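S.K.: fold the following for me, if possible:
(2 chains)
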Amino acid sequence: MIQAENLSLGYDSGANIIHQLTLTLTPGHITALVGPNGCGKSTLLRGLSRLLKPAHGAVYLDGQDIHAMKAKDLARQLGILPQAPTAPEGLTVHELVAQGRYPHQNWFQQWSGDDERIVAEALEQTNLTLFADRPVDTLSGGQRQRAWIAMALAQQTNVLLLDEPTTYLDLAHQIDVLDLLAELNEQGRTIVMVLHDLNQAARYADTIVALRGGQIVAQGTPDQVITSENILQVFGLDADVIVDPVTGTPLCVPIGRRGGRNKKAAASINGKVKTVIPA
Amino acid sequence: MAERRIRQTWIAVRLPRLPISFKIDRRVPLAALFLLAFTLVVLVMSINYGAYNMSPLDVIQTLTGTLPADHPDYRNFVLVVHTFRLPRILLAFLVGTALATSGAIMQSITRNPLAEPGILGVTAGAGLAAVAMIVWFNDAQMSLLPWAAFGGAILTAAAVYLLAWKRGATSPVRLILIGVAFAAVLGSLTTFILVFGEINDVQKAYVWLTGSVYGGNWQHVRTLGAWMLVLLPLAFLSARSLNALNLGDEVATGFGVRVERQRAFLLVISVALASVAVAVAGTIGFVGLIAPHITRRLVGPAHEGMLPITALFGGALLVLADLIGRWVIAPSELPIGIVTALIGAPYFMLLLVRYRK
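M.R.: Below is the predicted model of the structure:
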């Protein structure tokens, strides 16, 4: 279980981006951090791992302050995938995934039978076995992101933090990556990710944490968090919330200043859509 | 369903019943053998070449000590090989090894393919100190020159690192920018000293700046060799953390690498390697840039194999460059730094074109 207590985070000498934030993440859940640009959601994710040292407060993993733990012990329990990481030229998928074993290895134990098996499983699970020999830089965006996720899998952590795992991917690959993360979650991993797309967050997350100005505005199930009032408060945007016809989760439909370019179509459909909104 | 087996780029070596296991890249042994053979051939050719005529067989016999003592030229052969040619060639090899390893480490920790040993101002610092020494204290002992250069290099690197330090951390970009700024300032100071120096001293200083193993003796070989004996194993042992750092600070931190500490440690190794090389041979360029590059293309980016191969490659390259330098305008000789520039500059251009894509 991860808990942040009175956590304040910031860069350089400037003002803190996250102020006095307290948050408990439910084990076994997928938690999505959402909010406008600059709201501090990525900063919070960095603070939940050891990428950023808190200015005040602390983050606890199963009761232990993560900055008081041995770096390698933490790395065996908590994995983090930064946004858009880059692999050195020529590094193959297999070599990249094998590197995920780092916290489990030492100088004398560099490639055990376990390492070999776990890396093969991670490749299998991400459907990359066929691409294992390919250099990472020759893969498509979606495959590349799967390779990095496979690397994080090989690290065998119970908790996986991901910073916008779907950036730079086309829609099909975004869904592909999110489906993969949902599968990993079903196997018992706690997943915390920063997401830009509210509808994807609503679909895939058990818990959504909405941030604005470094503070939590709303927190709870998608139904509780994705409401017109919250979207207005968090993003300053008027939006209708309807039911996603595929999953039954809330679906956010922005209205915008102009209500769309095609006024006629908007007028004709307006009444129908309203009836779908749950009261 | 037939499961497709993954073709690993390495071979696992495991001890039964002991928690000891290693991986050896398949491409490494072959590359190592080839480079060793190449170095030996060039070494014999290089010893063989010169004003005093010897046959390759004579060279091999003299080197291995199997030359019959009653050979008519016994004393001359031993003198030429052991006193004049061998130390200088060994020195070229060691300098190449040091610069290439230093460059490889620098490129990985800054994650910049165009980084080279001088990026922290090491060569500029050594250059300023050496030139000041030659021009201002021309009656000073020449044996003090390497120490001055070494001091200049280490001081500059330390200053760059301290200035790049910000709130408990350094970033590769800050290191590079401050290093470049320092190199520019120290470079103009060096020019300033050269402009107002005595013409004879200035010429001597220029030869030093170009880089040369001319006049290398056993004392140099021993000193450099001793440093390498300590620094190279430290570098090779850090291969795993270099691999992790090569994926970026954030991923490495996520693996449990103490990024700042590891980076500082590796910087010290890299700077020390470059500084001792520059101290004995002047500022030889391009080896530290191109050797790691070519090696990565040969054996891939994993440092366990890449570092030793880079070291060998750098050594082989400088032994060859030294031979070319002595041969191309014989009986005069071209400083080794000019030869490496002639080889390196076109390769550098090629790189730039490739990275623009």
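S.K.: could you use CA atoms for every contact and neighbour count after this?
M.R.: Will do.
S.K.: where along the stretch 151-279 of chain A do the strands fall?
M.R.: A:159-163, A:190-194, A:207-212, A:215-220, A:239-243, A:250-254 (DSSP state E, counting those that start in this stretch).
S.K.: cool, the stretch 1-150 of chain A as well?
M.R.: All strands of the stretch 1-150 of chain A, identified by DSSP E, counting those that start in this stretch, fall at A:2-9, A:18-25, A:30-34, A:56-61, A:64-65, A:78-81.
S.K.: which of the helices or strands spans B:G50?
M.R.: In the assignment (DSSP states H and E), B:G50 maps to no helix and no strand.
S.K.: now do the SS call for the spatially most central residue of chain B.
M.R.: Geometric centre of chain B, nearest residue: B:L99, 1.4 Å, by C-alpha atoms, centre = their mean. The local conformation at B:L99, judged by DSSP: H, G, I helix; E, B strand; the rest coil, is helix.
S.K.: so what's the spatially closest residue to it that is not a sequence neighbour up against?
M.R.: In this structure, B:L99 finds its nearest non-sequential neighbour in B:G288, 4.9 Å apart by C-alpha to C-alpha, 6 or more residues apart in numbering or on different chains. Listed by C-alpha atoms under 8 Å, 6 or more residues apart in numbering or on different chains, the contact partners of B:G288 are B:G96, B:L99, B:A100, B:T101, B:S102, B:G103, B:A104, B:E116, B:P117, B:G314.
S.K.: out of those, which end up buried?
M.R.: Buried residues within the contacts of B:G288, defined by neighbour count using 16 or more other C-alpha atoms under 10 Å in any protein chain shown: B:G96, B:L99, B:A100, B:T101, B:S102, B:G103, B:A104, B:E116, B:P117, B:G314.
S.K.: of these, closest to A:V119?
M.R.: The shortest approach to A:V119 among those belongs to B:A104, at 27.4 Å (C-alpha to C-alpha).
S.K.: which bits of the stretch 51-200 of chain B sit near chain A?
M.R.: Residues of the stretch 51-200 of chain B lying close to chain A by C-alpha under 8 Å from any C-alpha of the partner chain are B:R167.
S.K.: pLDDT weak spots in the stretch 51-200 of chain B?
M.R.: B:138-141, B:168 (pLDDT under 70).
S.K.: what kind of secondary structure is B:Q107 in?
M.R.: helix.
S.K.: skip the chain neighbours and tell me the closest residue to it.
M.R.: Leaving aside its chain neighbours, B:Q107 sits nearest to B:A115 (5.0 Å; criterion: C-alpha to C-alpha, 6+ apart).
S.K.: tell me if that neighbour really is in a strand.
M.R.: No: the assignment for B:A115, made by three-state DSSP, is coil rather than a strand.
S.K.: tell me the contacts of it?
M.R.: B:G103, B:M106, B:Q107, B:L289.
S.K.: about what we covered before: Throw the strands of the stretch 151-279 of chain A into TSV and include mean pLDDT, thanks.
M.R.: Below are those laid out as TSV (pLDDT from 0 to 100):
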stretch	mean pLDDT
strand A:159-163	96
strand A:190-194	96
strand A:207-212	96
strand A:215-220	94
strand A:239-243	93
strand A:250-254	93
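S.K.: show me the longest helix that occurs in chain A.
M.R.: The residue-count maximum for a helix in chain A (DSSP state H) belongs to helix A:171-186.
S.K.: what helices or strands is it leaning on?
M.R.: helix A:141-154 (3 or more C-alpha pairs under 8 Å, 6 or more residues apart in numbering or on different chains; DSSP states H and E).
S.K.: is the helix it packs on anywhere near chain B?
M.R.: No: shown here: helix A:141-154 not in contact with chain B (C-alpha under 8 Å from any C-alpha), separated by at least 9.2 Å.
S.K.: looking at the strands of the stretch 151-279 of chain A, which is closest to chain B?
M.R.: Comparing the strands of the stretch 151-279 of chain A against chain B with C-alpha to the nearest C-alpha, the closest turns out to be strand A:159-163 (9.9 Å).
S.K.: does that closest one reach chain B?
M.R.: No: Strand A:159-163 stays clear of chain B (C-alpha under 8 Å from any C-alpha), getting no nearer than 9.9 Å.
S.K.: parallel or antiparallel, which strands does that strand pair with?
M.R.: Paired with strand A:159-163 in the same sheet, following DSSP bridges, are strand A:78-81 (parallel), strand A:190-194 (parallel).
S.K.: centre of the chain versus that strand, how much separation?
M.R.: Averaging C-alpha positions (C-alpha atoms, centre = their mean, to the nearest Å) puts strand A:159-163 6 Å from its chain's average.
S.K.: need the contact list for B:L317.
M.R.: Per C-alpha under 8 Å, 6+ apart, neighbours of B:L317: B:F93, B:G96, B:V287.
S.K.: please apply the same query to A:N6.
M.R.: Listed by C-alpha under 8 Å, 6+ apart, the contact set of A:N6 reads A:H19, A:Q20, A:L21, A:T22, A:H56, A:G57, A:A58.
S.K.: report pLDDT for the residue lying closest to it once chain neighbours are set aside.
M.R.: Once flanking residues are discounted, A:N6 sits nearest to A:Q20: 4.1 Å by C-alpha to C-alpha, 6+ apart. For A:Q20, the pLDDT comes out at 90.
S.K.: if we can go back for a sec, could the strands of the stretch 1-150 of chain A be laid out in JSON lines, adding distance to B:L79?
M.R.: Output for these, formatted as JSON lines (distance: least, C-alpha to C-alpha, whole Å):
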{"stretch": "strand A:2-9", "distance to B:L79": "69"}
{"stretch": "strand A:18-25", "distance to B:L79": "74"}
{"stretch": "strand A:30-34", "distance to B:L79": "76"}
{"stretch": "strand A:56-61", "distance to B:L79": "70"}
{"stretch": "strand A:64-65", "distance to B:L79": "68"}
{"stretch": "strand A:78-81", "distance to B:L79": "62"}
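S.K.: closest one to A:E183 among those strands?
M.R.: strand A:30-34 (10.8 Å).
S.K.: mean confidence score for the longest helix of chain A?
M.R.: For helix A:171-186, the mean confidence score works out to 95.
S.K.: what does it contact?
M.R.: Contacts with helix A:171-186, where a contact means C-alpha under 8 Å, 6+ apart, come from A:G28, A:H29, A:I30, A:T126, A:G142, A:Q145, A:R146, A:P165, A:T166, A:T167, A:I191, A:Y204.
S.K.: quick one: A:T207 and A:V34 touch, right?
M.R.: No: in this structure, A:T207 is not within contact of A:V34 by C-alpha atoms under 8 Å, at 10.7 Å.
S.K.: now the helix or strand harbouring B:L43: buried residues?
M.R.: Using DSSP H and E, B:L43 falls within helix B:27-48. Neighbour counts using 16+ other C-alpha under 10 Å place B:28, B:31-32, B:35-36, B:39, B:42-48 of helix B:27-48 among the buried residues.
S.K.: where along the stretch 101-250 of chain B do the helices fall?
M.R.: B:122-136, B:145-164, B:172-195, B:199-210, B:218-237, B:239-245, B:249-254 (DSSP state H, counting those that start in this stretch).
S.K.: wait, which of the ones you listed is closest to A:Q105?
M.R.: Closest of these to A:Q105 is helix B:239-245, at 9.7 Å (criterion: C-alpha to C-alpha).
S.K.: restricting to C-alpha, output that closest one in PDB.
M.R.: Extracted in PDB, the C-alpha atoms of helix B:239-245 (Å, rounded to 0.1, in the frame of the first residue of the first chain):
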ATOM      1  CA  ALA B 239      29.500  -2.000 -16.800                       C
ATOM      2  CA  ARG B 240      26.100  -2.900 -15.200                       C
ATOM      3  CA  SER B 241      25.500   0.600 -13.800                       C
ATOM      4  CA  LEU B 242      26.600   2.100 -17.100                       C
ATOM      5  CA  ASN B 243      24.000   0.000 -18.900                       C
ATOM      6  CA  ALA B 244      21.300   1.300 -16.500                       C
ATOM      7  CA  LEU B 245      22.500   4.900 -16.800                       C
END
